[in-house]
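> All I have is the shape, not the residue letters:
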């Protein structure tokens, strides 16, 4: 809402851009019927909403949208069963790394990892991380063969150079500023290992880092 927050800018791509990019890419590849499997939290619900809006705009049918609680293998299995019942073979999953292996396992048990299916993960989900977190890495690695991790990166070309220039002009050192260092030490981050890019991880952190550097 630009009227309420006229000075707010994003450094991280929103769900609407990511979902739109994914759905349009699937449509460009000729797929017109998809299933959505989402983690039941604010991010997952927001992604599903944006994906369905994008699908409607480009003529892609969402055959089913099903959700689960993160870490709940039984619910993940039920969501995969919902997809199987829908008949959809293009599956878009908004989930966390720790849920990828259980999802692949459930899909494998229903024969949904064959060449007739395609699985997509948004937000740059890490397949390698999912393999490392699995109880059976070799099996998970094999099951995830052919899965796609889709991301939208604003840091390309001219925009990347503009960001680097702006960052250099800030002339701030995140690792030495006492207030920011204290904040980092209170979290799971190790301030001694934080680079100048740490503050760009999320919008609020980056904004706070600039504000603090000017105090």
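On my side now, so go ahead. For clarity, every value in this text was computed on a predicted model and none was experimentally measured.
> just the strands in the protein please.
For the chain, strands defined by DSSP state E occupy the ranges 33-39, 61-68, 90-94, 118-121, 148-149.
> Okay, now the unreliable bits of this protein?
Applying pLDDT under 70 to the chain flags residues 1, 7-13, 124-125, 153-157, 159-160, 163-164, 166-210, 212-215.
> rerun at 50
For the chain, the stretches flagged by pLDDT under 50 are 174-175, 189, 191, 196-197, 199-200.
> Need the strands of the chain in TSV (columns: mean neighbour count).
In short, each C-beta sits where N, CA and C put it, glycine included. Shown next, in TSV, are those (neighbours: other CB atoms under 10 Å):
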stretch	mean neighbour count
strand 33-39	24
strand 61-68	19
strand 90-94	25
strand 118-121	21
strand 148-149	16
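> Any chance of CSV for those, columns distance to residue 22?
Output for the strands of the chain, formatted as CSV (distance: least, CB to CB, whole Å):
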stretch, distance to residue 22
strand 33-39, 9
strand 61-68, 12
strand 90-94, 6
strand 118-121, 6
strand 148-149, 9
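> Can you name every helix or strand that the longest helix along the chain contacts?
Ranked by residue count and defined by DSSP state H, the top helix of the chain is helix 42-58. Judged by 3 or more CB pairs under 8 Å, 6 or more residues apart in numbering; DSSP states H and E, helix 42-58 is in contact with helix 15-28, strand 33-39, strand 61-68, strand 90-94.
> contacting residues around it?
Applying CB atoms under 8 Å, 6 or more residues apart in numbering, the contact partners of helix 42-58 are 15-16, 18-20, 22-24, 27, 34, 36, 38, 60-62, 65, 67, 92, 94-95, 122-123.
> if we go to 7 Å?
15-16, 19-20, 22-24, 27, 34, 36, 38, 62, 65, 67, 92, 94, 122 (CB atoms under 7 Å, 6 or more residues apart in numbering).
> quick check: angle from that helix to strand 61-68?
Helix 42-58 runs at 170 degrees relative to strand 61-68, counting by axes from the mean of the first three to the mean of the last three CA atoms, to 10 degrees.
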